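A.B. asks: Please find the sequence and the predicted model below.
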Protein chains: 2
Amino acid sequence: MRSSVSFLLRLVLITLVLATTVPARASDSLPSWKDGPAKQSIVDFVLRVTSPAGPDFVPEPERIAVFDNDGTLWAEQPAYFQVTFALDRIKALAPEHPEWKETQPFKAVLEADTKTLLAGGEHALLEVMMASHAGMTTEEFEQIVSDWLAASKHPKTGRPYTEMVYQPMLELLAYLRGNGFKTYIVSGGGIEFMRPWVEKVYGIPPEQVIGSSIKTKVELRDGKPVLVRLPEVNFIDDKAGKPIGIHQHIGRRPIAAFGNSDGDLQMLQWTAAAPGARFCLIVHHTDAEREWAYDRQSSIGHLDKALDEANQRGWTIVSMKDDWKRVFSFELP
Amino acid sequence: MRSSVSFLLRLVLITLVLATTVPARASDSLPSWKDGPAKQSIVDFVLRVTSPAGPDFVPEPERIAVFDNDGTLWAEQPAYFQVTFALDRIKALAPEHPEWKETQPFKAVLEADTKTLLAGGEHALLEVMMASHAGMTTEEFEQIVSDWLAASKHPKTGRPYTEMVYQPMLELLAYLRGNGFKTYIVSGGGIEFMRPWVEKVYGIPPEQVIGSSIKTKVELRDGKPVLVRLPEVNFIDDKAGKPIGIHQHIGRRPIAAFGNSDGDLQMLQWTAAAPGARFCLIVHHTDAEREWAYDRQSSIGHLDKALDEANQRGWTIVSMKDDWKRVFSFELP
């Protein structure tokens, strides 16, 4: 009896200690990050902008942090997951489109003829994206994405795609939010492809997702308005599109930005260019064993100019291999 | 000494009573609303969606409320304030554009020739809007708007435009936020024209503003990226544009919508069409003495179809004259 009381007392004490130290001392909030310059730079920045008496204090409403998604929060190999979704969707829709058997680029998709598909270039990819992403209501598309995610597995790990997220980045998102930051996704991926699952997986609500989009129109069905997705590009949230998308959605400049490729460079530059304390970080894919290793030569997640600029300007570069104890949460800690 | 202690005690008690009753009993939060069906419908709705044990409970993240701006949160007579801003801006820029003296529609603006200006129709207005709203960086435009608001007065009341806001609506915004709602502006007006002042005036941060916009592009100036405003329409957030803008920015459907004209009808329909408790309200301009009286015949704030539909569907119709004790905060309470 005495020992169980003592155990309870210890539990209460530990809880109290954790509750009071987590916001002030950051190290416990980032358990999957190895101690080192990358982790230290994050903690230092957060302390600078949250210390009320310090010269770099930033009021809470202005603590905006923006995160790329593919390759920054979740994996992007061997193909962007949304492209896999599109190809799967074409196969699922093929019975309704017998003409696809003889029409490119659909013929190539159905025959898994990657060479012909890639030879079609951007135009072929756009056709595949529109055929798979348009023509239904926004609510129907949300259901299609959710169903696909529930049924699909990553070809290498056999895990659901929503488990292919980086544990250290999940901790970072929570750590920033715990320090009064508002966390946004700013992705070249489709805004509607992300919204159905990011709240559950990242704790980021749909209104804090910025992404590429197609146009929609209002239609009445059974007397009720619905939004129908049209096969027409509305906005491409990549490269110079990222600062434009950020300004359009948020209307103030982020103080911290996180990316992994040249597609994120303008977002990082835009964040860094304002006066005051600013933080820019690049996730460098250096871990061929636990994840993948790629940068300057890769077509997916191509990281070349942004790596040079990060080095020149002293932005934080995270080596997945050296700075992270764990990559995915399903690995043993 | 004794009486001052007793006074302090009373103060503490009053504070405690207020602190505990304000969220539960709404009447104290809406002091500028007369008791009656309109006020009651608001309070009833909020109680329904915030009662955890009730059948209509809505979790906090889904408590999205959308407000039109012109004619709903601030006045819109004798002309939309943003149009007055555009005309003033043309006059201010005229010395740099000597050719405007002989070019329509600018000649008409400079000569205050309203008849010729209106005869030019939408095209003329678009030219005036682009000449006054494009060609500068987003930061420069923000400063131009702030400077204009600081220097300008409403022609009828002599008050700054930012005081031409409806006191009962300010109370309503605060009341909803106090009950866990996230309040958004969804306006046909320019998103960049609103963002510089709405946080201070309405308590709505820039990222919760949806509006019409022009395109921007990233440019390097002195080695730093800026966003330059282009004379090209990006999005018109009016009529069917409102549900589209809401979906694009928020990604979930509002549970409450507030408007005053036919331009808001699709937003109200979109809000009403989803299952669960929903609230739609129309501000009806019925007070020629304290504000203006207009509806079906007015070109500004034209309210015809939406009034019919509000009557048919039992949406709340607020008569400014009969339901509001005060219209503007500068009136004596």
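C.D. replies: Alright, I've got the coordinates.
A.B. asks: Could you pull up the contacting residues of the residue nearest in space to the middle of chain A?
C.D. replies: Central residue of chain A (Cα atoms, centre = their mean): A:Asn69, 1.7 Å from the mean position. Contacts here follow Cβ atoms under 8 Å, 6 or more residues apart in numbering or on different chains; on that basis A:Asn69 touches A:185, A:187, A:189, A:194, A:211. Every residue, glycine included, has its C-beta placed from N, CA and C.
A.B. asks: Would you mind naming what in chain A lies close to chain B?
C.D. replies: A:61, A:138, A:182, A:191-192, A:195, A:199, A:205-207, A:209, A:213, A:216-218, A:224-225, A:227, A:234, A:240, A:243-244, A:247-252, A:266, A:269-270, A:273 (Cβ under 8 Å from any Cβ of the partner chain).
A.B. asks: Now do the same contact list for A:Phe57.
C.D. replies: So, once contact is read as Cβ under 8 Å, 6+ apart, A:Phe57 ends up touching A:49-51.
A.B. asks: picking up where we left off before, so which of the contacts of A:Asn69 sit within strands?
C.D. replies: Within these, residues falling in strands by DSSP state E are A:185, A:187, A:189, A:211.
A.B. asks: Greatest separation within those residues: which pair is it?
C.D. replies: Using Cβ to Cβ, the two most remote members of the ones in strands among the contacts of A:Asn69 are A:Ile185 and A:Gly189, lying 8.7 Å apart.
A.B. asks: which neighbours do those two share?
C.D. replies: The contact lists of A:Ile185 and A:Gly189 share A:69, A:211, where a contact means Cβ under 8 Å, 6+ apart.
A.B. asks: returning to that earlier point: list only those of the residues of chain A next to chain B flagged as buried.
C.D. replies: Using 16 or more other Cβ atoms under 10 Å in any protein chain shown as the burial test, the residues of chain A next to chain B include A:138, A:182, A:191-192, A:195, A:199, A:205-207, A:209, A:213, A:216, A:218, A:225, A:227, A:240, A:243-244, A:247-252, A:266, A:269-270, A:273 as buried.
A.B. asks: Tell me, what's the model's pLDDT at A:Lys115?
C.D. replies: Looking at A:Lys115, its pLDDT is 93.
A.B. asks: Tell me the secondary structure at it.
C.D. replies: helix (DSSP: H, G, I helix; E, B strand; the rest coil).
A.B. asks: Could you measure from it over to A:Thr103?
C.D. replies: 17 Å (Cβ to Cβ, to the nearest Å).
A.B. asks: again with A:Asn260
C.D. replies: 36 Å.
A.B. asks: Quick check on the two: which one has the bigger neighbour count.
C.D. replies: For the pair A:Asn260 and A:Thr103, the greater number of neighbours falls to A:Asn260 (27 against 13), based on other Cβ atoms under 10 Å in any protein chain shown.
A.B. asks: List the residues that contact that one.
C.D. replies: A:Asn260 touches A:68, A:70-72, A:282-285, A:301, A:303, counting by Cβ under 8 Å, 6+ apart.
A.B. asks: moving C-terminal of the worst-scoring helix or strand of chain A on mean pLDDT, what's the next helix or strand?
C.D. replies: When the helices and strands of chain A are scored by mean pLDDT, DSSP states H and E, helix A:2-24 comes last with a mean of 47. Once the chain leaves helix A:2-24, the next helix or strand it forms, by DSSP states H and E, is helix A:37-50.
A.B. asks: Alpha carbons only: can I get that next one in PDB?
C.D. replies: Extracted in PDB, the C-alpha atoms of helix A:37-50 (Å, rounded to 0.1, in the frame of the first residue of the first chain):
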ATOM      1  CA  PRO A  37      23.800  22.000 -34.200                       C
ATOM      2  CA  ALA A  38      20.600  21.300 -36.100                       C
ATOM      3  CA  LYS A  39      18.500  20.600 -33.000                       C
ATOM      4  CA  GLN A  40      20.300  23.400 -31.200                       C
ATOM      5  CA  SER A  41      19.500  26.000 -33.900                       C
ATOM      6  CA  ILE A  42      15.800  25.200 -33.700                       C
ATOM      7  CA  VAL A  43      15.700  25.500 -29.900                       C
ATOM      8  CA  ASP A  44      17.700  28.700 -30.000                       C
ATOM      9  CA  PHE A  45      15.400  30.300 -32.500                       C
ATOM     10  CA  VAL A  46      12.300  29.400 -30.500                       C
ATOM     11  CA  LEU A  47      13.800  30.800 -27.400                       C
ATOM     12  CA  ARG A  48      14.800  34.000 -29.200                       C
ATOM     13  CA  VAL A  49      11.300  34.800 -30.600                       C
ATOM     14  CA  THR A  50       9.400  33.700 -27.500                       C
END
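A.B. asks: got the buried residues for it?
C.D. replies: In helix A:37-50, counting by 16+ other Cβ under 10 Å, buried: A:38-39, A:41-43, A:45-46, A:48-50.
A.B. asks: Equivalent analysis for stretch A:107-114, please.
C.D. replies: Judged by neighbour count (16+ other Cβ under 10 Å), stretch A:107-114 contains these buried residues: A:108-110.
A.B. asks: what about A:Ser298, how many neighbours?
C.D. replies: Neighbours around A:Ser298, by other Cβ under 10 Å: 17.
A.B. asks: Relative to chain B, how far out is it?
C.D. replies: Using Cβ to the nearest Cβ, to the nearest Å, A:Ser298 is found at 25 Å from chain B.
A.B. asks: Find the pair from the contacts of A:Asn69 with maximum spatial separation.
C.D. replies: Pairwise over the contacts of A:Asn69, using Cβ to Cβ, the maximum falls at A:Ile185 and A:Gly189, 8.7 Å.
A.B. asks: Check the secondary structure at A:Thr183 for me.
C.D. replies: strand.
A.B. asks: Any idea what it is bridged to?
C.D. replies: A:Ala65 (DSSP bridges).
A.B. asks: okay, now it: neighbour count?
C.D. replies: 21.
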